[in-house]
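> From the sequence below, what's the structure:
(one chain, ligands or ions: 1)
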Amino acid sequence: MHALLRRFASSLVVSCQPVPGGPLDHPESVVGFALAALASGARGLRIEGVANLTAVRAATDAPIIGLIKRDMDTSPVRITPLIEDIDALADAGADIIAFDGTDRVRPVDAATLCARVHARGRLAMADISTLAEAEAAIAYGADIVGTTMSGYTGGPEPTEPDFALLAACVRLGHPVIAEGRIRIPDQAAEAIRLGAHGVVVGSAITRPEHITSWFAEAIETVRSARGGRPTLAFDIGGTKMLVALVEGDRVLATREEPTPRAADAEAWCDRVAALAEAFKGDFDAAGGCVTGVVQNGLWTALNPETLPIPPGFALGEGLARRLGVEVTLYNDAQAAAWGEYRFGAGAGADLVFLTVSTGIGGGVVLDGRLRTGKSGIAGSAGLTRLIGPTGRGALLESAASGPAFAAGATEAGIGGDAIAVFAAAEAGDPRADEIIDRSAALVAAAIENMNWLFDPDVFVLGGGIGLAKGYRERIEHRLAELPPLARPVLRAAALGKHAGVIGAADLARHKS
Ligand SMILES: CC(=O)N[C@H](C=O)[C@@H](O)[C@H](O)[C@H](O)COP(=O)(O)O
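As a prediction, the model looks like this:
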């Protein structure tokens with residue numbers, strides 16, 4: 001083997017070829033890259049252009065593969081296509097001269113170029129793209145073949161190195177340089193393992209523009225999987241109005257204020273639009289979740305005491321007009337169910353979501369679709385009726401949610417609300433225990449019944465009471481008595497108080 005080749009046997013060669021016309025495209029940068037590479041373990045360099053080569057040659061006596069790239073009208077061949085290129089590279093001090101060794105239309109055939117390289121006392125490197133071209137190169141006397149041109153002679157550019165071609169070329173028993181799309185150290189090591197004489201790495205070391213774009217594109221992929229630009233989401237409840245900027249499952253920013261209950265629905269729209277002003281220009285879609293029933297963008301109260309919504313109010317249209325983008329609307333618990341399905345405790349599974357709080361709401365996702373029903377009320381578990389000894393009993397939410405806790409607390413002499421009841425139970429008060437147990441038993445029965453109807457993969461429990469310490473366990477304790485076939489799986493909601501806006505934003509992007 002030629003002494004020069006031995007100098008970079010089983011070693012790294014760094015190609016220092018700035019992006020043409022880019023900010024690093026001048027000889028000083030190329031010398032900088034070259035010296036940095038040699039100082040860090042590279043044993044050779046690959047340098048394009050006479051000016052760069054001359055500058056680098058003056059700075060080091062490390063082995064240099066020289067080449068000249070040309071864009072010609074008459075041929076797709078770019079790397080050192082002319083005899084005069086070889087002469088210029090030899091004059092500038094290249095030790096090895098690389099030329100295109102592909103079987104394509106060209107001004108000078110590869111064998112002639114190879115002979116000229118040898119005539120100038122340099123080693124010849126044929127940049128090939130196929131095994132046949134490698135065989136031909138060896139036959140006409142190339143000292144090295146490089147896999148450089150694989151993937152660059154037509155069709156879409158691959159992203160991985162061509163190790164199959166490398167291995168096939170190695171079997172020819174001639175020095176082969178692995179080159180092209182070697183981007184990570186493991187690939188360089190693999191090339192040496194496969195028998196490459198040396199490994200040329202370019203872009204991954206000396207083209208910050210390429211490296212930056214790899215990172216940026218990888219991040220962009222995640223961003224667009226989350227739905228691209230952030231979405232504006234709003235939540236109108238009986239006590240507060242929340243506006244959020246949402247990206248996937250992340251709430252980037254929020255604005256909220258108390259719901260002006262005494263004002264009319266037009267004024268509520270005005271307030272939501274005013275809160276959204278803070279995010280103007282940051283979103284191109286909007287989704288809302290609201291207390292009450294939503295059907296085709298029309299909003300109606302389910303319980304006017306929560307919020308006195310006028311029947312069939314055109315909320316979607318009113319907000320679309322104010323926000324200047326299309327607005328998708330859902331009931332708040334339904335939107336939260338979707339949020340939990342997409343990003344939370346029930347990711348990807350058939351689920352029934354229940355929120356136990358001041359009231360009891362819910363949502364159903366089956367076969368990847370949020371089921372809103374013919375009237376928009378599907379999942380309203382709080383309005384299901386308990387069956388009492390005489391038939392029609394109370395509504396589940398009147399018997400098991402916040403007001404029931406407060407009523408129970410008054411009756412038992414504890415006083416206060418659900419929070420006080422949980423605190424008293426924690427302190428060991430058996431009366432509080434009983435109030436919580438009563439609610440948990442009713443919700444457990446509702447879950448048991450819904451499980452017979454839908455048999456979902458999972459029930460997801462949220463809400464202030466639903467997530468209060470020990471509440472879910474009490475429900476689970478009761479469900480554990482059921483035969484295995486009919487035993488529901490229960491999980492705590494994962495998205496917390498923002499489940500509604502996260503779900504609403506996602507629904508606005510994807511539609512269910
Ligand atoms: C096909 C072609 O024109 N390749 C050129 C050959 O010199 C260079 O643009 C490459 O950067 C060099 O081959 C190193 O490859 P990579 O930058 O993928 O590590």
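> Only C-alpha atoms from now on, for both contacts and neighbour counts.
OK.
> interface residues of the chain facing the ligand?
Residues of the chain found near the ligand (Cα under 6 Å from any ligand atom) are Ser15, Thr148, Met149, Tyr152, Glu179, Gly180, Arg181, Ile182, Val201, Gly202, Ser203, Ala204.
> between the residues you listed, which has the most around it?
Ser15 (29 neighbours; other Cα atoms under 10 Å).
> That residue: what's it in contact with?
Contacts for Ser15 were tallied using Cα atoms under 8 Å, 6 or more residues apart in numbering; they are Leu45, Arg46, Ile47, Val200, Val201, Gly202, Ser203, Thr206.
> Counting only strands, which of these make the cut?
Leu45, Arg46, Ile47, Val200, Val201 (DSSP state E).
> out of these, which one sits closest to Leu383?
Comparing the ones in strands among the contacts of Ser15 against Leu383 with Cα to Cα places Val201 closest, at 66.7 Å.
> got a pLDDT number for the closest residue to the closest one other than its chain neighbours?
Counting by Cα to Cα, 6 or more residues apart in numbering, Val14 is the residue found nearest to Val201 once chain neighbours are left out, at 5.1 Å. On pLDDT, Val14 comes in at 98.
> coming back round to it: which one of the ones in strands among the contacts of Ser15 sits closest to the ligand?
Val201 (4.0 Å; Cα to the nearest ligand atom).
> What residues does the spatially most central residue of the chain make contact with?
By Cα atoms, centre = their mean, the chain has its centre lying nearest to Val222, at 2.0 Å. With contact set as Cα under 8 Å, 6+ apart, Val222 has no partners.
> buried ones in stretch 406-423?
By 16 or more other Cα atoms under 10 Å, the buried positions in stretch 406-423 come out as Ala406, Ala407, Gly408, Ala409, Ile414, Asp417, Ala418, Ala420, Val421, Phe422.
> so what secondary structure elements neighbour the helix or strand containing the first one?
Which is Ala406. Under the criterion DSSP states H and E, the helix or strand holding Ala406 is helix 402-412. The contact analysis (3 or more Cα pairs under 8 Å, 6 or more residues apart in numbering; DSSP states H and E) places helix 402-412 against helix 418-426, helix 430-454.
> sorry, back to before: including distance to Glu135 and pLDDT, could the contacts of Ser15 go into a markdown table?
Output for the contacts of Ser15, formatted as a markdown table (distance: Cα to Cα, whole Å; pLDDT from 0 to 100):
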| residue | distance to Glu135 | pLDDT |
| --- | --- | --- |
| Leu45 | 25 | 98 |
| Arg46 | 23 | 98 |
| Ile47 | 25 | 98 |
| Val200 | 21 | 98 |
| Val201 | 24 | 98 |
| Gly202 | 25 | 98 |
| Ser203 | 27 | 98 |
| Thr206 | 31 | 98 |
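> Can I get those in JSON lines including distance to Asp162?
Below are these laid out as JSON lines (distance: Cα to Cα, whole Å):
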{"residue": "Leu45", "distance to Asp162": "21"}
{"residue": "Arg46", "distance to Asp162": "19"}
{"residue": "Ile47", "distance to Asp162": "22"}
{"residue": "Val200", "distance to Asp162": "13"}
{"residue": "Val201", "distance to Asp162": "13"}
{"residue": "Gly202", "distance to Asp162": "15"}
{"residue": "Ser203", "distance to Asp162": "16"}
{"residue": "Thr206", "distance to Asp162": "21"}
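> Helices along the stretch 51-200 of the chain, start to end?
83-92, 110-119, 131-140, 163-170, 185-193 (DSSP state H, counting those that start in this stretch).
> need these in JSON lines with mean pLDDT and mean neighbour count, can you?
Below are the helices of the stretch 51-200 of the chain laid out as JSON lines (pLDDT from 0 to 100; neighbours: other Cα atoms under 10 Å):
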{"stretch": "helix 83-92", "mean pLDDT": "98", "mean neighbour count": "19"}
{"stretch": "helix 110-119", "mean pLDDT": "98", "mean neighbour count": "20"}
{"stretch": "helix 131-140", "mean pLDDT": "98", "mean neighbour count": "18"}
{"stretch": "helix 163-170", "mean pLDDT": "98", "mean neighbour count": "19"}
{"stretch": "helix 185-193", "mean pLDDT": "98", "mean neighbour count": "16"}
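> mind putting those helices in JSON lines, distance to Glu157 included?
Listed next are those as JSON lines, based on distance: least, Cα to Cα, whole Å:
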{"stretch": "helix 83-92", "distance to Glu157": "27"}
{"stretch": "helix 110-119", "distance to Glu157": "24"}
{"stretch": "helix 131-140", "distance to Glu157": "18"}
{"stretch": "helix 163-170", "distance to Glu157": "15"}
{"stretch": "helix 185-193", "distance to Glu157": "18"}
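> how about those, which one is nearest Leu38?
The nearest among the helices of the stretch 51-200 of the chain, by Cα to Cα, is helix 185-193 at 16.4 Å.
> Tell me which residues are up against the closest one.
Counting by Cα under 8 Å, 6+ apart, residues outside helix 185-193 touching it are Ser10, Leu12, Pro161, Phe163, Leu166, Ala178, Ile182, Gly198, Val199.
> between those residues, which is closest to Ala468?
Nearest member of the contacts of helix 185-193 to Ala468, counting by Cα to Cα, is Ile182, at 54.0 Å.
> For that closest one, list the residues it contacts.
Glu160, Pro161, Ala188, Val200, Val201, Gly202, Ala204.
> for Thr130, same thing?
Going by Cα under 8 Å, 6+ apart, the list of residues near Thr130 reads Thr102, Thr147, Ser150, Leu165.
> repeat that with 7 Å
Residues in contact with Thr130 (Cα atoms under 7 Å, 6 or more residues apart in numbering) are Ser150, Leu165.
> Please report how far it lies from the ligand.
Distance, Thr130 to the ligand, using Cα to the nearest ligand atom, to the nearest Å: 13 Å.
> Likewise for Cys114?
17 Å.
> Kindly report the same for Ala139.
For Ala139, the distance to the ligand - Cα to the nearest ligand atom - is 22 Å.
> Residue ranges in this protein under the pLDDT threshold?
226-227, 511-512 (pLDDT under 70).
> Mind splitting it into its structural domains?
With domains defined by automatic domain parsing, the chain comprises 3-214, 229-344+495-512, 347-493.
> ok now the shortest one, how far from the chain's centre?
A distance of 24 Å separates the C-alpha centroid of domain 229-344+495-512 from that of its chain, computed with Cα atoms, centre = their mean, to the nearest Å.
> Check the stretch 351-500 of the chain for the residue nearest the ligand and tell me.
Counting by Cα to the nearest ligand atom, the stretch 351-500 of the chain gets nearest the ligand through Gly368, at 42.0 Å.
> phi, psi of that residue?
phi 80, psi 10 (degrees, to the nearest 10).
> what about it, how many neighbours?
15.
> coming back round to it: possible to save the buried residues of stretch 406-423 as TSV with distance to Ser439?
Shown next, in TSV, are the buried residues of stretch 406-423 (distance: Cα to Cα, whole Å):
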residue	distance to Ser439
Ala406	12
Ala407	12
Gly408	10
Ala409	12
Ile414	16
Asp417	14
Ala418	11
Ala420	15
Val421	12
Phe422	12
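> and the two most separated of those residues?
By the measure Cα to Cα, Ala407 and Phe422 form the most distant pair in the buried residues of stretch 406-423, at 13.9 Å.
> on that earlier part again, now do the helix holding Ala406: distance to the chain's middle.
On Cα atoms, centre = their mean, the centre of helix 402-412 falls 46 Å from the chain's centre.
> Tabulate the CA atom coordinates of it in CSV.
Once non-C-alpha atoms are left out, helix 402-412 reads as follows in CSV (Å, rounded to 0.1, in the frame of the first residue of the first chain):
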residue,chain,number,x,y,z
GLY,A,402,-70.3,19.4,45.7
PRO,A,403,-73.7,20.6,46.9
ALA,A,404,-74.4,17.1,48.3
PHE,A,405,-71.2,17.3,50.3
ALA,A,406,-72.2,20.7,51.6
ALA,A,407,-75.7,19.5,52.5
GLY,A,408,-74.3,16.4,54.2
ALA,A,409,-71.8,18.5,56.1
THR,A,410,-74.5,20.8,57.4
GLU,A,411,-76.7,17.9,58.4
ALA,A,412,-73.9,16.1,60.2
